[in-house]
Each structure stands twice: as C-alpha cells, then as structure tokens.
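Novice: Here you go, sequence then predicted model.
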Amino acid sequence: QVQLVESGGGLVQAGGSLRLSCAASGRSFSDYYMGWFRQAPGKEREFVAVIKWNTGTTYYADSVKGRFTISRDNAKNTVYLQMNSLKPEDTAVYYCAARSLYGPFQYATAYNYWGQGTQVTVSS
C-alpha cells in the first residue's frame, strides 16, 4: 500500500526558510511524478513543484520559481521541498502527491496518491 508522509512544516518569519520532506513507500516510484501542492484557507489546491523521479527533471509554479527547490534522494525514497525567501502568501497546508508519468502534472485531480499534509505558516 502506497504511503506518502510529509514532515517539516512549521511557523517561520517572512524571509526565512523551511525544508519539507515526503517519505514515500509501498511501490517503486521510478516512473512517477512526485509533486508538491498547497492549499490556503478558502482557496483551491494549487501546484507548487514536481520532479520526475527517474530523471530528476523539475518544474515549478511561477509564484515559487527561484525561491523553492524540489529534489529527491533515491536511497531514502524521499522527496524534498526547500523553501527560501518565504512570504506570508506562501502560508498553506503543503501536500506531497504522486502520479504516473503519462499525463499532465499540474492538476491535483490527476494525482493518485496523497500525503496527509503539513502546515506552513509565514508571519509578516
């Protein structure tokens, strides 16, 4: 059974940094996209970043490009989201998700597996 477990959220001041982790288990993810999404109160879940597990190719939402970095550790079966220069508008619950490579990666509805989410709060 596939499990995605996020950790690393918390409270940070604007301009600070956090690193989120997503520990993946239950199957091989070599032919999967591993994505990060976020959802703020009253808003839809939105795409943040994604990595192709087999090649390491990455894509980012424009709102986080240059500030966030997604990476993976094959040995630990873990995906990371390094978040720098955080802004109050980055405040949200952040979710790790996985889907196969054959299809779009930007849409939350296309993902098969989800973690429970981790809260990130950025104070001004």
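Specialist: Received, thanks. Numbers count the residues shown, from 1 in each chain.

Novice: Secondary structure class of Gly56, three-state.
Specialist: Each residue gets one of three states, and Gly56 gets coil by DSSP: H, G, I helix; E, B strand; the rest coil.

Novice: Quick check: closest non-adjacent residue to it.
Specialist: Leaving out its chain neighbours, the residue that sits closest to Gly56 by C-beta to C-beta, 6 or more residues apart in numbering is Arg72, at 7.0 Å. Every C-beta, even on glycine, is put in place using the N, C-alpha and C of the backbone.

Novice: Roughly how far does the one you found sit from Cys22?
Specialist: Going from Arg72 to Cys22 by C-beta to C-beta, to the nearest Å gives 9 Å.

Novice: residues shared between the contacts of the two?
Specialist: Common contact partners of Arg72 and Cys22 (C-beta atoms under 8 Å, 6 or more residues apart in numbering): 34, 78-80.

Novice: what's the residue closest to the geometric middle of the chain?
Specialist: Trp36 (2.1 Å; C-alpha atoms, centre = their mean).

Novice: How about the contacts made by that one?
Specialist: Here Trp36 is in contact with 20, 22, 48-50, 70, 79, 81, 94-97 (C-beta under 8 Å, 6+ apart).

Novice: Sitting in strands, which of these do you find?
Specialist: 20, 22, 48-50, 70, 79, 81, 94-97 (DSSP state E).

Novice: number of nearby residues for the residue nearest to Gly56?
Specialist: 20 (other C-beta atoms under 10 Å).

Novice: who's it bridged to?
Specialist: Beta-bridge pairing of Arg72 under DSSP bridges involves Val79.

Novice: That one contacts Leu81, doesn't it?
Specialist: No. Arg72 is beyond contact range of Leu81, at 10.5 Å (criterion: C-beta atoms under 8 Å).

Novice: Now Val120. Nearest residue, chain neighbours left out?
Specialist: In space, Val120 is closest to Gly9, 4.8 Å off (C-beta to C-beta, 6+ apart).

Novice: list the buried ones in stretch 66-78?
Specialist: 68-70, 72, 78 (16 or more other C-beta atoms under 10 Å).

Novice: what sits against Gln116?
Specialist: Counting by C-beta under 8 Å, 6+ apart, Gln116 has contacts 5-6, 95.

Novice: This completes my enquiry, with thanks.
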